[in-house]
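Undergrad: okay, here's the prediction I keep looking at, along with the sequence it came from:
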Amino acid sequence: MPKTSTWNATAMPDQTGRTAVVTGANSGLGLATVDALARAGAHVVLAVRDVGRGQAAADTVRHARGTVEVRRLDLADLASVREFAASWEGDLDLLINNAGVMNIPESRTKDGFETQFGTNHLGHFALTNLLLPFITDRVVTVSSLMHKAPGARIHFDNLNLSGEYTPTKAYSQSKLANLLFTLELQRRLTAVGSPVRALAAHPGWSATNLQGRDANPLRRALSLVGNRVLAQDSRAGALPTLYAATQDLPGAGYVGPDGFGEVRGAPTLVGRTAAASDPDSARRLWSVSEEMTGVTFPDLSSATATGRRA
């Protein structure tokens, strides 16, 4: 494994012949991830809600040895998730669950879920399980430092936060859910003898358009100032995701920047809170997520030893 202090996207192994799906890929971290994988030779699918914007983003990926394509996916609509997965054919080496919404005003997905939990966790939960019979290498889910926010927990008695919603409470819950999902997914993959690995990553503080959508005007203004002063750019912010996607790391590993407070720096394995490491909470969240989405862990007995569907 290369030293993280010098690791960047040019250190990635050749991705020629590999296929990746990146959700939320029309800007920011997602587009930077697409660009790096395509430059390394991969065929990358931009899974985006707005196909027009996705195609405009794909057109910016130039001088790549790989190829890109755009497909529609709305993670806030389970019918769209099912449609995307049903259209998939062939092996999928890498699924990167990157898309997300952050600190937005209270709203609901098409299926009636609180939007941050529904998009950031439930949409990716459903997508991953529906695509899992095709996945041959790994699933990388993008979490956040906000999983460590004071009081962050999974509100099992009120997952939609009805009557107690705040944008930051909802966001931290969804990002904690990403880590618990990764933990339980890896446990299940190991239990059935699958070689597929589940990992998580966080970008530190990276300047993206997420901060500009904060529901709180003061916090939005402070975040935008922080973007200019403290944040990494999107290419640096994507490095933990790329590291998790391409390096030989343990299942359920969590990658983030190696600098002070994990705000910025080169990618390395990092720790997580006790709440994000609780196997009982992870199993409980998985069960509840199956009930909410109607999507369950697939029977992988029809897959080959390399994780492919027979």
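TA: That came through fine.
Undergrad: just the helices in the stretch 51-200 of the chain please.
TA: All helices of the stretch 51-200 of the chain, identified by DSSP state H, counting those that start in this stretch, fall at 51-58, 78-86, 115-117, 124-131, 167-191.
Undergrad: redo the ones you listed as CSV? Include mean neighbour count.
TA: Placement of C-beta: from N, CA and C, glycine included. Supplementary listing: the helices of the stretch 51-200 of the chain in CSV, determined by neighbours: other Cβ atoms under 10 Å:
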stretch, mean neighbour count
helix 51-58, 17
helix 78-86, 18
helix 115-117, 24
helix 124-131, 24
helix 167-191, 23
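Undergrad: got JSON lines for those helices, with mean pLDDT too?
TA: Shown next, in JSON lines, are the helices of the stretch 51-200 of the chain (pLDDT from 0 to 100):
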{"stretch": "helix 51-58", "mean pLDDT": "97"}
{"stretch": "helix 78-86", "mean pLDDT": "98"}
{"stretch": "helix 115-117", "mean pLDDT": "98"}
{"stretch": "helix 124-131", "mean pLDDT": "98"}
{"stretch": "helix 167-191", "mean pLDDT": "98"}
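Undergrad: so which of those helices comes closest to residue 141?
TA: For the helices of the stretch 51-200 of the chain, the distance to residue 141 is smallest for helix 167-191, at 5.0 Å, taking Cβ to Cβ.
Undergrad: got the angle for that closest one vs helix 124-131?
TA: 30 degrees (axes from the mean of the first three to the mean of the last three Cα atoms, to 10 degrees).
Undergrad: for residue 205, which of the helices of the stretch 51-200 of the chain is the nearest?
TA: With Cβ to Cβ as the criterion, residue 205 lies closest to helix 167-191 of the helices of the stretch 51-200 of the chain, at 13.8 Å.
Undergrad: which helices and strands does that closest one pack with?
TA: Secondary-structure packing of helix 167-191 (3 or more Cβ pairs under 8 Å, 6 or more residues apart in numbering; DSSP states H and E): helix 115-117, helix 124-131, strand 135-142, strand 197-201, helix 279-293.
Undergrad: from the chain's centroid, how far away is that helix?
TA: Averaging C-alpha coordinates over helix 167-191 and over its chain gives two centres that are 10 Å apart (Cα atoms, centre = their mean, to the nearest Å).
Undergrad: do the same with stretch 189-205
TA: 11 Å.
Undergrad: would you mark the buried spots in it?
TA: When burial is assessed from 16 or more other Cβ atoms under 10 Å, stretch 189-205 yields the following buried residues: 189, 194, 196-205.
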